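Asker: okay, sequence plus prediction incoming.
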Amino acid sequence: MSSSFLGAYPRTRLRRNRRDDWSRRLVAENVLTAGDLIWPVFVQPGDGQRQPIAAMPGVERLTIAQLIDAAGEAQALGIPCIALFPATEPALKTEDGREAWNEGNLICESVRALKRHLPDLGVLCDVALDPYTTHGHDGILVEGHVANDVTVEALVRQTLAQARAGCDVIAPSDMMDGRIGAIRDALDAAGFEHVRIMSYAAKYASAFYGPFREAIGSKRTSNRPLDKRGYQMDPANSEEALREVAFDLEEGADMIMVKPGLPYLDIIRRVKDRFHVPTYAYQVSGEYAMLRGAMDNGWLDERVVLESLMGFKRAGADGVLTYFAIEAAKRLKAG
Ligand SMILES: NCc1[nH]cc(CCC(=O)O)c1CC(=O)O
Ligand SMILES: [Mg+2]
């Protein structure tokens, strides 16, 4: 487009539309609403107190009873869906993570309780073994490496347990090859053709997951952080992300996720432009910790919450998983 068509200063002044609130709203290209948000929640066993998470001030692990109350608030604020993550009792963790497909596990019980009390709230369940393995990896180890195909079989068992409990969205976060197709086939064969799959398709091996691992209790006791580079993506790559997304769509994913969020906005944009499918960003625990920490210190003011979320919309995301969901929905409501 030539500047003679668009006009130029002094005839054209881009500041005119910015002058007043009404004209700023009229020319806004993107909107952020509570309907764009998915709220990730950490669930803990028993019926004790809410447990704070040191690296995520303001985020707490909730018992099922506390979860029902919190989820009710989320729904009342217009949040369409919540995502569940378990803080598994150490005694239930094993080498193969078999608690993942125990139909009475914390996640399945949480889903059943949510569906009983709040049947119209969407419930998303993460599929991966890391909350249930003693070593903290997302799959089953064979000779020191996460073995792809045996892990996929385990993930299928985990998926079916969650679907039977009433889960609406299965969200595999493990990065095994071929798991979306295997999970889709198993869901369809079991009569769960309505259950959606949101694939963590382009998930990077990121240090921004640190606080999450504390939250679910899978942090290493030694000083060395868990190395998941054998299955999660290299932050150097973006062409590879497009191949990951293409395969997952071909295998039957309904929705695609890019993770982490803020350092990977370019990936969201490329995925949206290439595939035109429902695309989501995960503003992960480390991103929450950064913003929360700076706000709590008075270094940033609270407008950064909605600004960061709008960034995902502008990059092409249809929605965002964010620990700020409740806070953001309240701010949006207040206007
Ligand atoms: N597969 C587990 C999983 N699902 C979501 C997150 C991270 C979420 C966050 O940091 O908020 C992780 C951690 C990991 O891959 O190590
Ligand atoms: Mg893949």
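Answerer: Thanks, I have it. Numbers count the residues shown, from 1 in each chain. Ligands and ions are numbered 1, 2, ... in the order given.
Asker: can you report how many residues lie near residue 306?
Answerer: Taking other CB atoms under 10 Å as the neighbour definition, residue 306 ends up with a count of 15. C-beta: built from backbone N, CA, C; applies to glycine.
Asker: in contact with it, which residues?
Answerer: Counting by CB atoms under 8 Å, 6 or more residues apart in numbering, residue 306 makes contact with 32, 328, 331-332.
Asker: low-confidence stretches in the stretch 1-150 of the chain?
Answerer: 1-6 (pLDDT under 70).
Asker: could you rerun that using 80?
Answerer: Along the stretch 1-150 of the chain, the model assigns pLDDT under 80 to residues 1-7.
Asker: what does it have sitting close to ligand 1?
Answerer: Contact residues of the stretch 1-150 of the chain with respect to ligand 1, defined by CB under 6 Å from any ligand atom, are listed as 126, 128, 130, 138.
Asker: what about 5 Å?
Answerer: For the stretch 1-150 of the chain, the residues in contact with ligand 1 (CB under 5 Å from any ligand atom) are 128, 130, 138.
Asker: any of the contacts of residue 306 buried? List them.
Answerer: A residue is treated as buried here by neighbour count (16 or more other CB atoms under 10 Å); on that basis the buried members of the contacts of residue 306 are 32, 328, 331-332.
Asker: and for residue 297, the neighbour number?
Answerer: There are 8 residues near residue 297, going by other CB under 10 Å.
Asker: ok so, going back, what is the nearest of the contacts of residue 306 to ligand 1?
Answerer: The shortest gap between ligand 1 and any of those belongs to residue 328, at 15.6 Å (CB to the nearest ligand atom).
Asker: the closest one touches residue 305, doesn't it?
Answerer: Yes: counting by CB atoms under 8 Å, residue 305 is a contact partner of residue 328 at 5.6 Å.
Asker: ok, residue 303 - contacts?
Answerer: Counting by CB under 8 Å, 6+ apart, there are no residues that residue 303 touches.
Asker: and it, how far from residue 132?
Answerer: Remark: distance between residue 303 and residue 132 (CB to CB, to the nearest Å) = 39 Å.
Asker: where does residue 214 land on pLDDT?
Answerer: You'll see residue 214 listed with a pLDDT of 89.
Asker: nearest residue to it other than its sequence neighbours?
Answerer: In space, and not counting its chain neighbours, residue 214 is closest to residue 55: 5.4 Å by CB to CB, 6 or more residues apart in numbering.
Asker: looking at the buried ones among the contacts of residue 306, spot the one nearest residue 239.
Answerer: Taking CB to CB as the measure, residue 32 is the one of the buried ones among the contacts of residue 306 closest to residue 239, at 29.6 Å.
Asker: once you drop chain neighbours, what's closest to the closest one?
Answerer: Nearest in space to residue 32, with sequence neighbours left out and distances taken as CB to CB, 6+ apart, is residue 310 at 5.0 Å.
Asker: can you check residue 107 too?
Answerer: residue 86 (5.1 Å).
Asker: quick one on the thing from earlier: would you turn the residues of the stretch 1-150 of the chain next to ligand 1 into TSV with distance to residue 159 and neighbour count?
Answerer: TSV is the format used below for these (distance: CB to CB, whole Å; neighbours: other CB atoms under 10 Å):
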residue	distance to residue 159	neighbour count
128	11	27
130	15	25
138	14	27
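Asker: from these, pick the one nearest residue 255.
Answerer: residue 128 (16.7 Å).
Asker: any figure for the gap between the closest one and residue 264?
Answerer: For residue 128, the distance to residue 264 under the criterion CB to CB works out to 19 Å.
Asker: each with direction, which strands does the helix or strand harbouring residue 125 pair with?
Answerer: With the criterion set as DSSP states H and E, the secondary-structure element containing residue 125 is strand 122-127. Pairing partners of strand 122-127, with direction, according to DSSP bridges: strand 81-86 (parallel), strand 169-172 (parallel).
Asker: dump those into TSV; add mean neighbour count as well.
Answerer: Listed next are these as TSV, based on neighbours: other CB atoms under 10 Å:
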stretch	mean neighbour count
strand 81-86	23
strand 169-172	26
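Asker: which one of those strands lies closest to residue 67?
Answerer: For the strands paired with strand 122-127, proximity to residue 67 was assessed by CB to CB; strand 81-86 is nearest, at 8.0 Å.
Asker: what does the closest one contact?
Answerer: Residues from elsewhere that reach strand 81-86 (CB under 8 Å, 6+ apart): 38-44, 71, 74, 105-107, 110-111, 114, 121-126, 131, 168-169, 171, 212, 215-216, 321.
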